[in-house]
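Trainee: quick one, fold the following:
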Amino acid sequence: MKYIIYALGFAWIAAGAFAILYTDTYKSSIERLLSQVNRIWLALIPLIVGVLLLLSASSTNHGGFIALIGGLAIAKGLLIYFNPAGFFHTASAWLVNLSDQGYRLIGIIALVLGTVVISWIQ
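Mentor: Residues are numbered from 1 along each chain as shown. Below is the predicted model of the structure:
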């Protein structure tokens with residue numbers, strides 16, 4: 001199960017570095033993804049990541065925190081799927097209108113989260 005944590009950690013590091021270094025390209029790819037892909041398919045991404053994190057939380061030193069992140073990812077996927085009160089459209093409009101510094105902050109958070117998750121593997 002630790003290979004799942006490695007894969008997700010490196011994916012977070014790669015996404016964070018890409019968001020920091022290539023902010024305009026990252027922003028346009030997020031806009032394209034949110035506008036062209038059906039939200040039902042977009043809901044599968046956090047659901048799958050959340051289930052994988054819950055399954056592999058026991059292979060880390062801080063399994064509770066990893067399980068919390070997994071639970072939040074599952075909740076995010078369910079919110080995107082069921083879309084109560086237009087949640088998806090509100091969140092996607094907020095993300096599309098975010099400034100370059102906001103995307104860089106998201107990249108920094110992803111970079112730190114990926115590094116921390118990899119360093120916690122037993």
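
Trainee: closest to the centroid, which residue in this protein?
Mentor: Nearest to the mean C-alpha position of the chain, counting by C-alpha atoms, centre = their mean, stands Pro46 at 6.8 Å.

Trainee: my read: it touches Phe88, true?
Mentor: No. Applying C-beta atoms under 8 Å, one finds Pro46 not in contact with Phe88, separated by 11.9 Å. Glycine gets a C-beta too; all of them are placed from N, C-alpha and C.

Trainee: where do the contact lists of those two overlap?
Mentor: Taking C-beta atoms under 8 Å, 6 or more residues apart in numbering as the contact rule, Pro46 and Phe88 both touch Ile80.

Trainee: quick check: closest non-adjacent residue to Ala110.
Mentor: Nearest residue to Ala110 in three dimensions, chain neighbours excluded: Gly16, at 3.3 Å (C-beta to C-beta, 6 or more residues apart in numbering).

Trainee: wait, a strand at the one you found?
Mentor: No. Assessed with DSSP: H, G, I helix; E, B strand; the rest coil, Gly16 is helix; it does not lie in a strand.

Trainee: for Arg104, see how far away it is.
Mentor: Per C-beta to C-beta, to the nearest Å, Gly16 is found 9 Å from Arg104.

Trainee: who's more crowded, the two?
Mentor: Shown here are Gly16 and Arg104; by other C-beta atoms under 10 Å, Gly16 has more neighbours (22 against 17).
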